[in-house]
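>>> below is the structure, and that's it, no one-letter string:
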């Protein structure tokens with residue numbers, strides 16, 4: 001898909017909002033924006049991913065946007081400049097053709113491997129007429145409205161809901177307040193720079209130079225990319241997408257740059273994902289390191305351990321700077337994406353009891369130490385406490401990896417991650433000569449593994465159950481057990497579990513639900529879409545079982561579900577195939593990378 005010239009298609013609105021497939025992501029390692037196929041920016045959080053949105057028209061027509069839209073628009077297409085986060089949107093009208101190039105600009109000479117700010121605090125937009133004539137409308141509508149005042153070099157804009165945020169709009173053409181119109185012919189350009197930082201406000205506008213410097217910085221970073229396997233173009237784009245979700249200074253990775261995009265549309269499973277989940281860490285580190293980005297992997301591992309030390313106990317998620325996630329609140333002023341209320345800011349799952357966190361933290365620490373990271377006495381004392389907590393709680397109920405909002409249960413996956421915590425703690429103690437009861441940790445880890453193989457086995461259903469006592473439904477999270485080295489993918493009980501998950505949780509076309517809501521109630525009304533990461537885990541299990549042709553066919557089909565720009569949401573609506581949930585979703589792109597690497601290595605091994 002990404003190797004071919006994109007096709008023109010009419011911009012669409014569904015229930016007043018663009019489909020996710022018609023959105024492109026841009027960012028600068030601190031903030032992110034979405035650009036729609038009609039030339040509007042209906043989502044921008046600045047100066048940080050988790051700050052209040054400046055534009056959130058994606059969640060409500062009154063939420064505001066930054067539009068650069070030609071009159072008489074007929075069709076459009078989008079592409080990224082190769083190996084960059086610079087987006088091009090071509091817009092065909094009844095009278096001409098316009099190219100719009102967008103980026104959140106990076107500094108000249110920026111090094112994306114360095115843990116220093118690379119952004120300029122500027123959204124740069126360059127509109128160029130390629131053919132014919134175009135009547136162009138530029139409209140800036142912050143959420144809640146705004147007031148524009150003439151200022152040196154452009155306009156000073158005060159957003160009603162962000163009065164403390166100084167916005168400045170500059171252009172190479174006359175700006176007539178928050179709305180400007182231009183009659184353009186072939187070769188004409190409109191350059192626009194919306195700034196929220198203090199730098200460069202009085203500099204001459206040169207959008208072309210800024211966009212070139214931004215593209216060059218991205219391409220320098222991508223020289224570190226190392227991958228030779230299936231769907232290379234998708235894996236390249238997945239790497240850039242993860243980098244766009246990465247906080248380059250702190251080293252954290254937001255689950256998605258959006259909040260409250262529903263899964264499915266019309267439901268109420270609308271969550272704020274602009275935070276960093278610890279469980280993403282081990283998967284992200286594993287994926288990034290294997291395609292050449294060890295620096296990002298080390299930065300993320302370091303961030304995880306720093307956040308853990310600061311909080312003194314493992315939390316399941318943190319803000320991008322390692323602080324506590326705000327309390328969840330409903331925003332009654334926004335009707336939600338395509339009418340899917342409620343809109344939520346903050347996340348109520350932040351303080352849930354989820355025992356898998358012990359394994360996530362210890363797995364990160366183990367990877368950190370294997371990569372040469374220091375494990376000092378104070379950190380090891382805290383990590384030893386994590387191992388002890390895992391040993392105490394593995395048979396106790398929690399809310400599980402899927403963050404159910406019902407009564408806690410003893411989830412098999414949670415117990416398995418406690419096994420990971422104890423296994424990694426024992427391995428670190430032995431390898432590094434660290435103090436601790438490594439034999440006891442290893443013994444308990446073995447006990448947990450046996451409990452999963454024996455006690456969680458449902459003989460009647462021929463599957464490992466979601467609950468450690470062998471009761472409950474089928475849970476797609478169990479596909480991750482081989483990935484965490486709890487059970488081998490080709491173990492007969494894991495092979496049978498893979499078969500049961502495929503049959504009982506299959507949504508068609510290789511898609512999987514996480515669980516069945518009638519068998520595993522989660523305390524939230526309504527159903528949901530198919531969870532893409534679970535299907536990538538299925539690819540990994542098929543690969544581990546030596547079923548490489550099946551694995552690659554499924555992998556190709558999943559990559560084929562990406563948007564024309566190569567972006568994936570959290571879920572897919574099996575009924576219509578549309579992307580649903582927060583977008584783009586880091587977990588889904590981690591799956592693209594990890595499954596591709598696994599397949600490539602398995603193919604190489606099979607050919608040896």
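Good, I have the coordinates. All figures in this text were calculated on a predicted structure; none of them were measured in a lab.
>>> would you map the strands across the stretch 201-350 of the chain?
276-277, 317-318, 329-331, 343-345 (DSSP state E, counting those that start in this stretch).
>>> now those in CSV, with mean neighbour count, mean pLDDT and distance to residue 527?
All C-beta atoms are positioned from the backbone trio N, CA, C, and that covers glycine. Putting the strands of the stretch 201-350 of the chain into CSV (neighbours: other CB atoms under 10 Å; pLDDT from 0 to 100; distance: least, CB to CB, whole Å) gives the following:
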stretch, mean neighbour count, mean pLDDT, distance to residue 527
strand 276-277, 30, 94, 23
strand 317-318, 24, 94, 24
strand 329-331, 15, 97, 21
strand 343-345, 20, 97, 19
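>>> got the contact list for the closest residue to residue 221 other than its chain neighbours?
Spatial nearest neighbour of residue 221, excluding adjacent residues (CB to CB, 6 or more residues apart in numbering): residue 112 at 3.9 Å. Residues counted as contacts of residue 112 (CB atoms under 8 Å, 6 or more residues apart in numbering) are 29, 106, 118, 217, 218, 220, 221, 243, 248.
>>> top of those by number of neighbours, please.
Of all the contacts of residue 112, the highest neighbour tally under other CB atoms under 10 Å goes to residue 106, namely 31 neighbours.
>>> beta partners of that one?
Beta-bridge partners of residue 106, counted by DSSP bridges, are residue 119.
>>> which ones are touching it?
Contacts of residue 106 by CB under 8 Å, 6+ apart are 28, 112, 118, 119, 120, 213, 214, 217, 218.
>>> try residue 11
18, 22, 36, 37, 38, 73, 75, 76.
>>> which among those residues gets closest to residue 366?
residue 22 (41.7 Å; CB to CB).
>>> now do that closest one against residue 326, distance only.
The spacing between residue 22 and residue 326, counted by CB to CB, to the nearest Å, is 30 Å.
>>> these two: which has the busier surroundings?
Remark: of residue 22 and residue 326, residue 22 carries more neighbours, 23 against 14, as counted by other CB under 10 Å.
>>> hmm, who's touching stretch 333-351?
Against stretch 333-351 from outside (CB under 8 Å, 6+ apart): 14-17, 52, 56, 58-60, 62-63, 259-262, 265-268, 270-273, 275, 315-317, 324-332, 399, 403, 405.
>>> turn the contacts of residue 112 into CSV, columns for pLDDT.
Converted to CSV, the contacts of residue 112 look like this (pLDDT from 0 to 100):
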residue, pLDDT
29, 96
106, 97
118, 93
217, 97
218, 98
220, 97
221, 97
243, 96
248, 94
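>>> export those residues to a markdown table and tack on distance to residue 523?
Shown next, in a markdown table, are these (distance: CB to CB, whole Å):
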| residue | distance to residue 523 |
| --- | --- |
| 29 | 36 |
| 106 | 43 |
| 118 | 42 |
| 217 | 45 |
| 218 | 42 |
| 220 | 47 |
| 221 | 42 |
| 243 | 35 |
| 248 | 37 |
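>>> list just the nearest of the residues you listed to residue 485.
The closest of the contacts of residue 112, once distances to residue 485 are taken by CB to CB, is residue 243, at 27.5 Å.
>>> against residue 407, how distant is the closest one?
Applying CB to CB to residue 243 and residue 407 gives a distance of 39 Å.
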